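# After the sequence you'll find the predicted model.
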There are 4 protein chains.
Amino acid sequence: VLQAQKLSSAEVEIILTACRKKSREIGMPMDIAVMDEGGNLLHFERMDGAIVGGIALAIDKAYTAAIFGMRTEELGRGALPGGPDFGISSSDHGRIIIFGGGVPIVVENKILGSVGCSSGGSAEQDSTVAAAGVDALMKVL
Amino acid sequence: VLQAQKLSSAEVEIILTACRKKSREIGMPMDIAVMDEGGNLLHFERMDGAIVGGIALAIDKAYTAAIFGMRTEELGRGALPGGPDFGISSSDHGRIIIFGGGVPIVVENKILGSVGCSSGGSAEQDSTVAAAGVDALMKVL
Amino acid sequence: VLQAQKLSSAEVEIILTACRKKSREIGMPMDIAVMDEGGNLLHFERMDGAIVGGIALAIDKAYTAAIFGMRTEELGRGALPGGPDFGISSSDHGRIIIFGGGVPIVVENKILGSVGCSSGGSAEQDSTVAAAGVDALMKVL
Amino acid sequence: VLQAQKLSSAEVEIILTACRKKSREIGMPMDIAVMDEGGNLLHFERMDGAIVGGIALAIDKAYTAAIFGMRTEELGRGALPGGPDFGISSSDHGRIIIFGGGVPIVVENKILGSVGCSSGGSAEQDSTVAAAGVDALMKVL
């Protein structure tokens, strides 16, 4: 068998604590999703004031980042008209998101999971909050 | 608990009366949807002569405006190729509409619901009729 | 071409007025849907206090009654285990409802449309309110 | 406008703390979902060791309890062959769950939200953990 690693709930909590902190710093309440390497949900939370429209987006950003091991905006660069992945956003039942806010957790070239954030703010803000969660985890691994 | 507000059926009727009036003024029969802040339908009506294709569109325009708290054409401006939300129209099971006709009802920075209109006419006409409904409500709130 | 008849919005209003009246009489707020003969929505309304869970059910009860020209509970009698239509409730993307609350509008053996009602009450209550709407229309046709 | 109430994230945390405690007491790790009254997700978590199959079930149990204001096993009693709601489990895109584990949060006859739990254990265990969360919230409201 192959050896694999899984995020523990304690590690998910480290991610969330950092995401919430960054979200408050930038003053933008977030929908936050954390997934495992199989694209299955580990955690979701809607912070007070976060929009309903961010629920599906945060989950699908995390899904996209987990199953491709790639930041969603990175995937998006190839998905412009004429690019090699144009049209990918409507594949997989429309779950593939091609703008910022999904960040994979990659350790020693293995995908361990992902974080996806969505808010009424910009994709950069979403991305910043998701990355803050991943960075906090990386420091303790 | 957090305090929140919901549209009453009397308020929905104020919206509809204004939408129907504007629709007749511009001579374009409409499919009209009104939603609550959670993206759940409060009211739908197909005016005499309105197209079948507008049923799903009116409902999904209202859905989009409610869950993002944003006009659908405003969301659409960021969804052009190269824009920050390119690809969003295929997310959430394809329910996200990125052209005009969905108008949120926002009171004191809280989303209260939305109106979505669709017809065989232009997106500007749909948008005008939806906005007429929201404006009429705003005057009595 | 074949001659056909369509419900007008004035006739939809007659249906709704009777449904609302009956709903108040029995003290059970309803989600009410009216469809045309093609299974396309003409009208939906959520009365104050009606449950969110009734939205999809009212619409799909009306859909079922319209496309089969049959009361939903009548269809349901054949859909019991061992019956001729067992399993029909999961067909057509799960839109076929086999308990009471959907009533077709049939005139001279032609399906003209349908009414579907759903509430937190019993299927009999839903059925009573939907039938009140159809009966009121029949009196003026 | 109608006055309404929403769960705060602090209240969601009270629910979760009680669910986790009960889950550990009975030795059965859970997938836990908390929803608002509109059937939109507020929180989801997979406890260490909880099954992947419970993710969709916990979410849809919470969805069912929220939109009908009813325990899922209570809905299920009417959904047996011959019962008044037979077939309801395939409606609404198959999201309606008719066995235990979904518990609504009802305050003064208003649905405030719901808790849904799923595990590899029995529906009674799922139900016990969900109810522990709701009970804990009720004590502080």
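All right, it came through fine. Numbering: from 1, shown residues only, chains lettered A, B, ... in the order given.
# pull the longest strand from chain A.
The strand that spans the most residues within chain A, counting by DSSP state E, is strand A:110-118.
# Okay, buried residues for that strand please.
A:111, A:112, A:113, A:114, A:115, A:116, A:117, A:118 (16 or more other C-beta atoms under 10 Å in any protein chain shown). C-beta coordinates here come from the backbone N, C-alpha and C atoms, glycine included.
# hey, what's the closest residue to chain D within chain A bridged with?
In chain A, the residue found nearest to chain D is residue A:44; the distance is 4.1 Å by C-beta to the nearest C-beta. Beta-bridge pairing for residue A:44 (DSSP bridges): residue A:33, residue D:44.
# ok so, going back, Serialize the buried residues of strand A:110-118 to TSV and add fields for distance to residue A:6.
Shown next, in TSV, are the buried residues of strand A:110-118 (distance: C-beta to C-beta, whole Å):
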residue	distance to residue A:6
A:111	11
A:112	8
A:113	8
A:114	13
A:115	15
A:116	18
A:117	22
A:118	25
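# Single out the residue in chain A that lies closest to chain C.
Using C-beta to the nearest C-beta, residue A:52 is the residue of chain A that sits closest to chain C, at 13.3 Å.
# That residue reaches residue D:39, doesn't it?
No - with contact defined as C-beta atoms under 8 Å, residue A:52 does not reach residue D:39; the gap is 10.4 Å.
# Spit out the contact partners of the residue most central in space within chain A.
Closest residue to the average C-alpha location of chain A: residue A:116 at 2.3 Å, with C-alpha atoms, centre = their mean. Taking C-beta atoms under 8 Å, 6 or more residues apart in numbering or on different chains, we find residue A:116 in contact with A:32-35, A:57-65, A:72, A:97, A:101-103, A:130.
# Quick check: residue A:75 vs residue D:58, distance?
In this view, residue A:75 and residue D:58 are 29 Å apart by C-beta to C-beta, to the nearest Å.
# element containing residue A:64, please.
helix A:53-68 (DSSP states H and E).
# before we move on, back to that, more neighbours, residue A:75 and residue D:58?
Neighbour count, other C-beta atoms under 10 Å in any protein chain shown: between residue A:75 and residue D:58, residue D:58 has more, with 30 against 21.
# so what's the residue nearest to the centre of chain A bridging to?
residue A:33, residue A:102.
# how close does it sit to residue A:82?
Taken as C-beta to C-beta, the span from residue A:116 to residue A:82 is 27 Å.
# ok, now residue A:125?
Taken as C-beta to C-beta, the span from residue A:125 to residue A:82 is 28 Å.
# Between the two, point out the one with more neighbours.
residue A:125 (21 against 6).
# how about the helices in chain A?
Per DSSP state H, chain A carries helices over the ranges A:9-25, A:53-68, A:72-77, A:123-140.
# and those helices as JSON lines, adding distance to residue D:10 and mean pLDDT?
Formatted as JSON lines, the helices of chain A follow (distance: least, C-beta to C-beta, whole Å; pLDDT from 0 to 100):
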{"stretch": "helix A:9-25", "distance to residue D:10": "13", "mean pLDDT": "98"}
{"stretch": "helix A:53-68", "distance to residue D:10": "19", "mean pLDDT": "98"}
{"stretch": "helix A:72-77", "distance to residue D:10": "31", "mean pLDDT": "96"}
{"stretch": "helix A:123-140", "distance to residue D:10": "20", "mean pLDDT": "97"}
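# Can you tell me which of the ones you listed is most buried?
helix A:53-68 (a mean of 27; mean count of other C-beta atoms under 10 Å in any protein chain shown).
# If you count contacts, what does that one end up packed against?
Packing partners of helix A:53-68 (3 or more C-beta pairs under 8 Å, 6 or more residues apart in numbering or on different chains; DSSP states H and E): strand A:31-36, strand A:41-46, helix A:72-77, strand A:102-107, strand A:110-118, helix B:53-68.
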